[in-house]
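Trainee: pasting the structure only:
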């Protein structure tokens, strides 16, 4: 899938609406809806890359800042380096990763810090033993047993929100993911706080201070959609898909300048 994404549109808004409506062959009210809200926004999804690139090029010719995101290139946790612990040095920091690996990043090599919150669903299963009166059992046992028992299995789903920061380094390198509740914050020493959120905030503030050239974006911390986000492809985490797409859009916008 190829997502045509708008990062900015020309003014006045009526001009942008008319352009998008004409390029997509939709009513002006539909085009206005697709441009409503914050940016970046996906305005159309294609299976054909040439069709996506044609629309994006047409929008750019009309004064939009637009691009195409290939769904196959959207970063996810299977492609990222997942940090477990950090060690800050004078010129860079070491990240202890899942799988007992270590990665070193120079502060000057960090191009962007993408700060966001992703929402998933945690499912738990509970088994409960229920007793009920059984007249038949009473007759069969001569009154020795009057109740029957059965095990009832119930499934409970709970929304789970987690704050994250993606550290974007040199082109082609995997992003480093810092997840609030997946870190061992012992490296903070005396600055370590009782709550994971406070510790995450300290880590993010440190990264921002030591990587002053890195673009910082917090749009993913705010509620609101990113337009026509396509359905999650088979085999990927549906709970993380929307935030993964959002991060790809934001990163593309930063790279586009």
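Mentor: Noted; the coordinates are in hand. Here the structure is a predicted model, which means the values were calculated and not measured.

Trainee: any idea which helix or strand carries residue 163?
Mentor: Taking DSSP states H and E as the definition, one finds residue 163 inside strand 147-168.

Trainee: Next secondary structure after that strand?
Mentor: Strand 147-168 is succeeded, C-terminally, by strand 176-179 (DSSP H and E).

Trainee: and that next one, which strands flank it?
Mentor: The sheet places strand 176-179 alongside strand 81-88 (parallel), strand 147-168 (antiparallel), with pairing taken from DSSP bridges.

Trainee: Would you single out the least confident of those?
Mentor: Lowest mean pLDDT within the strands paired with strand 176-179: strand 147-168, a mean of 75.

Trainee: Make sure residue 129 is indeed in a strand.
Mentor: Yes: judged by DSSP: H, G, I helix; E, B strand; the rest coil, residue 129 forms part of a strand.

Trainee: after the helix or strand residue 55 falls within, next one along is what?
Mentor: In this structure, residue 55 is located in helix 49-61 according to DSSP H and E. Heading C-terminal from helix 49-61, the first helix or strand you meet, by DSSP H and E, is strand 65-70.

Trainee: Show residues contacting that following strand.
Mentor: The list of residues contacting strand 65-70 from outside it, by C-beta atoms under 8 Å, 6 or more residues apart in numbering, reads 1-9, 42, 49, 52-53, 55-56, 59-60, 245, 248-249, 252-253, 256. All C-beta atoms are positioned from the backbone trio N, CA, C, and that covers glycine.

Trainee: All the helices of the stretch 151-257 of the chain, residue numbers only.
Mentor: 196-210, 238-256 (DSSP state H, counting those that start in this stretch).

Trainee: Same list (those) but as CSV, adding mean neighbour count and distance to residue 20.
Mentor: CSV is the format used below for the helices of the stretch 151-257 of the chain (neighbours: other C-beta atoms under 10 Å; distance: least, C-beta to C-beta, whole Å):
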stretch, mean neighbour count, distance to residue 20
helix 196-210, 16, 35
helix 238-256, 20, 17
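
Trainee: For the ones you listed, which has the smallest mean pLDDT value?
Mentor: helix 238-256 (a mean of 87).

Trainee: starting at the chain centroid, how far to that helix?
Mentor: Centroid displacement of helix 238-256 relative to its chain, using C-alpha atoms, centre = their mean, to the nearest Å, is 7 Å.
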